[in-house]
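1. Need coordinates for the following:
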Amino acid sequence: MVAAAKRDPAQFDALYRRYLAQVYSYAYYELGDHHAAEDATEKTFLAALANLHRFEERAQPADGKGASTFRVWLFRIARNVVANERRTSRRRPTEPIAEDAIVADPLDVEGTVLRREQAGAAWRAVGRLAGDRRRALVLRFVDEMSTAEIAGVLGRSEGAVRVLIHRALRSVARDLGIERGPKEPRPNP
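-> So this is what the prediction gives:
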C-alpha cells in the first residue's frame with residue numbers, strides 16, 4: 001500500500017482508512033479532547049502524505065509477510081503533532097465545557113454508569129502518569145502495538161518500553177487503590 005501511495009497519492013486513501021482509527025485513538029487519549037484529537041489526526045495524515053516520499057521501509061523479510069515500519073513512522077508523526085498541540089494549548093489556554101452542562105442519556109442504567117465511572121477513574125489515573133509512561137500504555141492497550149512498535153514510536157529500547165509499561169500499570173493500580181493481595185510474611189533467617 002505504501003509503494004502504491006508513493007506512486008500515486010490518490011492511493012494514500014487505503015493507508016488513511018487502515019490507520020485512521022488508531023491514530024485518532026492515540027491522539028484522543030493523549031489530548032483528552034475529541035476536537036483536538038480530530039485536528040491532530042488530520043495534521044498527522046496531512047504531514048504523512050506530504051512527506052511520504054521520505055519514508056523508507058525498514059522491515060526485514062524475517063519480520064514476516066506484510067511487515068512494515070510505516071505504522072511506527074506514522075505514529076512518530078502523530079507523537080510530534082500531539083506535542084505541538086500541547087505546546088499550543090499551553091500558550092493559548094481555553095476553558096473546557098463544564099461536565100455538569102452535558103445532558104445525560106435518559107436510557108443510562110446504573111450498571112453502565114458504574115462502568116463509566118470506573119473506566120473514567122482508570123483513564124484519569126493514566127492521564128496523571130508521566131509522558132512516556134502514559135504514551136506507552138495508550139499505545140499498548142488502546143492501539144494494541146507490540147513492544148517493538150512502541151519502542152520505535154518512543155525512540156527507546158524494547159526493554160525500556162517493558163519497564164515503562166510495568167511501572168505505569170503499577171502506578172495506575174496504586175492510584176486506584178488496588179493492592180496485589182495479602183503479602184506473605186518473609187521468614188526470618
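
2. host element of the closest residue to Glu30 other than its chain neighbours?
-> Leaving aside its sequence neighbours, Glu30 sits nearest to Val82 (C-beta to C-beta, 6 or more residues apart in numbering; 4.6 Å). The C-beta positions use only the backbone N, C-alpha and C, and glycine is treated the same way. Using DSSP states H and E, Val82 falls within helix 70-91.

3. how far is that helix from where the chain is centred?
-> Remark: helix 70-91 is offset 11 Å from the chain centroid, using C-alpha atoms, centre = their mean, to the nearest Å.

4. What residues of it count as buried?
-> Residues of helix 70-91 classed as buried by neighbour count (16 or more other C-beta atoms under 10 Å): 70-79, 81-82, 85.

5. do the same with stretch 135-154
-> Neighbour-count burial for stretch 135-154 [16+ other C-beta under 10 Å]: 135-140, 142-143, 145, 147, 149-154.

6. my guess is Arg167 contacts Ala130, does it?
-> No. Taking contacts as C-beta atoms under 8 Å, Arg167 lies outside contact range of Ala130: 9.4 Å.

7. how about low-confidence regions in the chain?
-> Scanning the chain with the threshold set as pLDDT under 70 gives 1-2, 59-68, 94-109, 111, 179-189.

8. Identify the residues contacting the residue sitting nearest the centre point of it.
-> What sits nearest the mean C-alpha location of the chain, by C-alpha atoms, centre = their mean, is Tyr26, with 3.1 Å. Going by C-beta atoms under 8 Å, 6 or more residues apart in numbering, Tyr26 touches Phe75, Ala78, Val82, Val138, Leu139, Val142, Asp143.
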